[in-house]
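Colleague: Everything below, folded, please.
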Amino acid sequence: SADHLYTVRLDAAAAPNRDDIMEAMARLGIATNVHFPPLPMLTAYAERGCDPADFPHAMTAFEGAISLPIHRLMTPEDTRRVAEALKREVQQRTSS
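Modeller: Below is the predicted model:
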């Protein structure tokens, strides 16, 4: 049911740059997204008093997650392009 999602987890150095990385990927024509927010971020849970701050591990995982495009029509070259672009964008933001 989720064979269209390929979620990767950024390391601690790259995670604070997630949104910048996603914007850079979009400029390259690569659509990314963030799936699977922690339950306390969902309206139904927030309205019941759940505070995301009470779930630090879930928030850390969420803040470093990016869903990359994957579908049956992607070629091996498409896959390489996505992977290389992600690697390059992460390295640009984490190298000193």
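
Colleague: just the helices in this structure please.
Modeller: With DSSP state H as the criterion, the chain has helices at 18-27, 43-46, 56-63, 76-94.

Colleague: Report the mean confidence score over the third one.
Modeller: If I follow you right, that is helix 56-63. Averaging pLDDT along helix 56-63 yields 93.

Colleague: Okay, angle between it and helix 18-27 too, please.
Modeller: 20 degrees (axes from the mean of the first three to the mean of the last three Cα atoms, to 10 degrees).

Colleague: Offset the numbering so it begins at 51, please.
Modeller: Yes, from this point I'll number from 51; that puts the last item at helix 106-113.

Colleague: Which of the residues in helix 106-113 are classified as buried?
Modeller: Within helix 106-113, the residues scored as buried using 16 or more other Cβ atoms under 10 Å are Ala108, Met109, Phe112, Glu113. In this view, the C-beta of every residue, glycine as well, is placed from N, C-alpha and C.

Colleague: Widest-spaced pair of those residues?
Modeller: Ala108 and Glu113 (9.7 Å; Cβ to Cβ).

Colleague: who are the neighbours in contact with the residue nearest to the spatial centre of the chain?
Modeller: In the chain, the centroid-proximal residue (Cα atoms, centre = their mean) is Ile116; its distance is 1.1 Å. Residues in contact with Ile116 (Cβ atoms under 8 Å, 6 or more residues apart in numbering) are Thr57, Val58, Leu60, Arg68, Ile71, Met72, Thr82, Asn83, Val84, Leu136.

Colleague: just checking, the first one touches Phe86?
Modeller: Meaning Thr57. Yes: assessed by Cβ atoms under 8 Å, Thr57 is found in contact with Phe86 at 7.1 Å.

Colleague: Mind listing the shared neighbours of those two?
Modeller: Common neighbours of Thr57 and Phe86 (Cβ under 8 Å, 6+ apart) are Ala115.
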